[in-house]
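Undergrad: can you look at this prediction? I've put the sequence above it.
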Amino acid sequence: MTYEQVVAKVKAKFQDVDASAIDGVVALQINLEGKSTNGIFYIEVKDHKVNVEPYEYYDRHAIVTVNPTNLLKLVEGKLDPIEAYTKGKVTIDGDAGAVLTVINLAK
């Protein structure tokens, strides 16, 4: 799967998500690290909408480093985020609570 395909799938997953319960801004930078798919994009919750864009995000709450397969499993609800973190399938540099907030929106 290409970087563009991963970003498109994540964007589609969050497109119609109800983020009305989140006030303010929650922003994550996602660093994809896979055998053939690498890249950086962000997921931002702002004004009760979720934006996914293929850019770095400098004023972020956390950086999430994950391979593309595990990222898609996380946003599809097929991989428990706590289990993924404890087993080293994902690393978080920053606010883990912000990461859980965003991942839980996808469910």
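TA: In hand now; what should we look at?
Undergrad: mind listing what's buried in the helix or strand harbouring Ala27?
TA: Using DSSP states H and E, Ala27 maps to strand 26-33. Going by neighbour count (16 or more other Cβ atoms under 10 Å), the buried part of strand 26-33 is Val26, Ala27, Leu28, Gln29, Ile30, Asn31, Leu32. Any C-beta I mention is one placed from the backbone N, CA and C, and that applies to glycine too.
Undergrad: which residues touch the first one?
TA: Spelled out, that is Val26. Glu44, Val45, Lys46, His61, Ala98, Thr101, Val102 (Cβ atoms under 8 Å, 6 or more residues apart in numbering).
Undergrad: hmm, 6 Å instead?
TA: Shown in contact with Val26 (Cβ atoms under 6 Å, 6 or more residues apart in numbering): Val45, His61, Ala98, Thr101, Val102.
Undergrad: Ala106 too?
TA: Lys13, Val75.
Undergrad: change it to 10 Å
TA: Val10, Lys13, Phe14, Val17, Ile43, Val50, Leu74, Val75, Glu76, Gly77 (Cβ atoms under 10 Å, 6 or more residues apart in numbering).
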